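S.K.: got a structure for you, letters missing:
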Ligand SMILES: Cc1cc2nc3c(=O)[nH]c(=O)nc-3n(C[C@H](O)[C@H](O)[C@H](O)COP(=O)(O)OP(=O)(O)OC[C@H]3O[C@@H](n4cnc5c(N)ncnc54)[C@H](O)[C@@H]3O)c2cc1C
């Protein structure tokens with residue numbers, strides 16, 4: 001892998017020399033990345049990737065980070081929608097949806113959770129009724145991250161209420177722009193941002209051909225999305241780029257500016273850039289950055305801070321090694337198993353430990369936000385946003401259930417509703 005890594009790195013370097021031009025538009029830069037396979041090099045070669053492993057790519061990623069140029073839009077489009085469509089979509093669907101994600105043309109949100117269906121997702125009540133070549137959607141989703149900026153949604157809805165709850169669900173590529181039929185109400189969070197929303201469907205429409213993976217087969221497709229979510233959130237997702245470009249119709253103007261200009265804007269104030277760009281993302285504070293932060297503030301000699309830093313560093317290293325195990329399993333042709341649930345649980349712990357360490361170093365200044373606050377606002381944002389990872393993508397308790405059942409072999413949680421027709425269940429608002 002190391003030898004191969006060296007040649008992959010050399011390939012990346014040569015490609016950058018030939019293709020990096022700060023004068024071209026962000027759109028053109030993203031197109032060059034997508035069409036060369038460098039946008040998402042772990043994907044299959046026939047679908048915009050290079051079929052390489054993250055281990056082989058480590059050096060190449062360093063080249064891209066040093067370059068400081070933006071990568072393809074991050075977030076749910078690339079982490080969830082694209083790999084799900086690559087796994088279950090028809091070739092036509094792959095051509096229609098996957099490249100547009102990488103070049104920033106369209107962004108996606110995940111229309112899964114409902115007020116009565118989160119951990120028990122298969123109890124969802126949003127219904128889809130066939131009407132000729134279309135399906136008519138009525139119901140409500142909640143917690144939908146990025147709904148207000150998304151062009152499309154990964155929608156799971158009930159297409160057969162007579163079947164047991166896991167068997168009557170279909171997975172749709174759903175167009176969000178349906179005035180009067182789709183209402184999006186943003187929910188404001190403690191961080192001050194409104195990253196997620198409630199979404200109401202009132203006889204919204206979706207063509208039959210937009211079903212991914214077959215009618216009533218949506219649960220299996222959703223499991224692929226959820227598995228990618230666990231891998232992504234559990235430390236398996238690696239972006240080779242320092243930051244990512246915004247994506248989707250609403251970022252259209254920004255994609256037309258020169259890529260050099262975007263790099264300058266990001267460099268000037270990463271937090272302002274991230275706050276202004278839906279769909280753009282930056283890694284959370286790393287232990288390495290916090291060690292530097294402690295030095296900059298003269299706190300690196302405080303034994304309590306040192307203890308916290310060592311603890312955080314150790315946890316992060318364990319998490320990194322755990323993620324390598326998950327990737328090795330994939331490379332060996334197996335499905336990643338318990339590693340991803342353990343990885344996701346570790347991210348919850350690391351997030352809390354990062355919060356506690358960063359605020360211990362910054363002291364009272366942790367309460368400040370904005371460009372002149374500690375680490376450009378990142379300490380405060382880390383602090384306020386820290387509860388999220390233990391809820392999204394399956395709560396800590398659910399991950400522990402998975403570890404209990406699949407790793408420790410404990411008895412499965414009883415579910416008497418498994419074989420009962422959905423319409424006879426007392427779930428959500430069904431009474
Ligand atoms: C920041 C953020 C972003 C999100 N983004 C999205 C998104 O884009 N799209 C989307 O569809 N959803 C999204 N979610 C929703 C998320 O997936 C759900 O919140 C999560 O699955 C939990 O579901 P719930 O909120 O309904 O809680 P519930 O399922 O009602 O759980 C409540 C509590 O009970 C516990 N619990 C439930 N069942 C069990 C059990 N069987 N055993 C032990 N404990 C149990 C849970 O751990 C939790 O503590 C997001 C959530 C957050 C916080």
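M.R.: Perfect, thanks for sending it. Everything quoted here is computed from the prediction, not taken from an experiment.
S.K.: Could you tell me which residues within stretch 190-205 count as buried?
M.R.: 191, 195, 196, 197, 198, 199, 200, 201, 204, 205 (16 or more other C-beta atoms under 10 Å). C-beta here means a position set from N, CA and C on the backbone, and glycine is covered the same way.
S.K.: Tell me the backbone dihedrals of the closest residue to the ligand within the chain, please.
M.R.: Closest to the ligand within the chain is residue 118: 1.8 Å, counting by C-beta to the nearest ligand atom. Note on residue 118: its backbone torsions stand at phi -120, psi -80 [degrees, to the nearest 10].
S.K.: Next: residue 392.
M.R.: phi -70, psi 160.
S.K.: Select the longest helix from this protein.
M.R.: When the chain is parsed with DSSP state H, its longest helix is helix 303-331.
S.K.: Close to the ligand: what parts of this structure are there?
M.R.: The chain comes close to the ligand at residues 109-110, 112-113, 118-119, 143-145, 196, 388, 391-392, 394-395, 397-398, 401, 413, as judged by C-beta under 6 Å from any ligand atom.
S.K.: contacting residues around the residue lying closest to residue 347 once chain neighbours are set aside?
M.R.: Among residues not flanking residue 347 along the chain, residue 389 sits closest, at 5.2 Å (C-beta to C-beta, 6 or more residues apart in numbering). Residue 389 is in contact with 233, 344, 347, 348, 351, counting by C-beta atoms under 8 Å, 6 or more residues apart in numbering.
S.K.: Ok, residue 198 next?
M.R.: Taking C-beta under 8 Å, 6+ apart, we find residue 198 in contact with 140, 141, 142, 144, 184, 185, 187.
S.K.: cool, residue 38 as well?
M.R.: 12, 15, 50, 60, 64.
S.K.: at 10 Å instead, please
M.R.: Contacts for residue 38 (C-beta atoms under 10 Å, 6 or more residues apart in numbering) come out as 11-12, 15-16, 19, 32, 48-50, 57, 60, 63-64, 71-72, 240-241.
S.K.: Next: residue 166.
M.R.: Contacts of residue 166 (C-beta under 10 Å, 6+ apart): 121-123, 216, 218-220, 222-223, 415, 417-419, 422.
S.K.: My read is that residue 264 contacts residue 70, right?
M.R.: No: checked against C-beta atoms under 10 Å, the pair residue 264 and residue 70 is beyond contact range at 11.6 Å.
S.K.: These two: which is more packed in?
M.R.: Neighbours per residue (other C-beta atoms under 10 Å) separate residue 264 from residue 70, with residue 70 holding more: 26 against 12.
S.K.: Give the closest residue to that one in space, chain neighbours not counted.
M.R.: residue 245 is the one closest to residue 70 (C-beta to C-beta, 6+ apart), at 4.1 Å.
S.K.: returning to what we had before: report the set of residues contacting both of residue 264 and residue 70.
M.R.: Any residue near both residue 264 and residue 70 by C-beta under 10 Å, 6+ apart counts here, and that gives residue 273.
S.K.: that older thread, write a ChimeraX command that selects only the buried members of the residues of the chain next to the ligand.
M.R.: Buried residues among the residues of the chain next to the ligand (16+ other C-beta under 10 Å), as a ChimeraX selection:
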select :109,110,112,113,118,143,144,145,196,388,392,394,395,398,401
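S.K.: Counting only strands, which of the residues of the chain next to the ligand make the cut?
M.R.: Judged by DSSP state E, those include 109, 110, 143, 144, 145, 196 as members of strands.
S.K.: Might one say that the third one is in contact with residue 110?
M.R.: Yes: because the distance of 9.0 Å satisfies C-beta under 10 Å, residue 143 is recorded as touching residue 110.
S.K.: Quick check: neighbours shared by these two?
M.R.: In contact with both residue 143 and residue 110: 196, 392, using C-beta under 10 Å, 6+ apart.
S.K.: who wins for most neighbours among the contacts of residue 166?
M.R.: Of all those, residue 218 has the most neighbours under the rule other C-beta under 10 Å, reaching 29 neighbours.
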